[in-house]
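[1] coords please:
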Amino acid sequence: MGTLLVARHGETTWNRDGRIQGWAPSRLTEQGQTQAQALGAWLDDRYDVDRVFASDLRRTRETAAVADDGYGSLPDPEFDTDWRERGFGIMQGLYADELRAEFPDHDPDASVISLDAAPEGGEGIPTFRGRVESGWDRAVSATDTGETTLVVTHGGVIKVLLAKLTDRNPDAALARSSQPNCAANEIRLDDGPELVNEGMTGWRTLLD
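    So this is what the prediction gives:
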């Protein structure tokens, strides 16, 4: 059977400050780098990774590189724009209060990923979901029986995949908070994709 591991990037300066990142070239904080290295070491102890896909944005590139330091020697990543976070165009960089002022009908308790609008220069939800599905199809096709593929991506992308793999309402899934930075999810691909481990953060024990 094949295995797909999907991990969120490490903490960034914009995560810390509560800004909408979208496709911004935000960088990992020192804490984010520590998380990524611990994730790599944790994966090294449990999985033999044969292939790595990653979003081409700076924060996922950095996470993949630092995770490689912890793992020892991950395969070189294949960077793919389909694994990017949802594009927010002119809203990129806004703080939550600014978003609410711009879109007062958006539930303030819901994630910005679930915003039912297509910001200028950004993506609507159907476009976002469609390209994530394309990235998913390629990753599944590339993972042969007995192989393990690691995908380093973003919180919104993981929400789309979890809705696809479970009976959760897709819109409700997008509205939920994102998984913690560097959380990992394990998906078995044998008789049809099955989510077997969700939001794993066992690497945190390496930080104690």
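
[2] Any idea how many residues pack against Arg86?
    Per other CB atoms under 10 Å, the neighbour tally for Arg86 reads 30. Where you see a C-beta, it was placed from the backbone N, CA and C, and this is true even at glycine.

[3] Helix, strand or coil: sort out it for me.
    coil (DSSP: H, G, I helix; E, B strand; the rest coil).

[4] Likewise for Glu186?
    strand.

[5] any idea how far it lies from Gly89?
    33 Å (CB to CB, to the nearest Å).

[6] Comparing those two, which residue is more hemmed in?
    Glu186 (17 against 14).

[7] contacting residues for Ala175?
    If a contact means CB atoms under 8 Å, 6 or more residues apart in numbering, then Ala175 has 107, 110-111, 113-114 as its contacts.

[8] Could you work out the most separated pair of those residues?
    Maximum pairwise distance among the contacts of Ala175 (CB to CB): 12.1 Å, between Asp107 and Ile113.

[9] Give me the more crowded residue out of the two.
    Ile113 (24 against 12).

[10] How about the contacts made by that one?
    85-86, 155-156, 159, 174-175, 178.

[11] Repeat that for Gly155.
    8, 85, 111, 113, 178-179.

[12] Please apply the same query to Gly10.
    28-29, 31-36, 39, 59, 62-63, 66, 181-182 are the contacts of Gly10 under CB under 8 Å, 6+ apart.

[13] how deep is Asp171 tucked in, by neighbour count?
    12.

[14] so which helix or strand takes in it?
    Using DSSP states H and E, Asp171 sits within helix 170-175.

[15] What residues sit buried inside the helix or strand of the chain with the lowest mean pLDDT?
    In the chain, no helix or strand scores lower on mean pLDDT, DSSP states H and E than helix 96-102, which sits at a mean of 82. Neighbour counts over helix 96-102 (16 or more other CB atoms under 10 Å) mark Leu99 as buried.

[16] Tell me which of the contacts of Gly155 fall in strands.
    Using DSSP state E, the subset of the contacts of Gly155 located in strands is Arg8.
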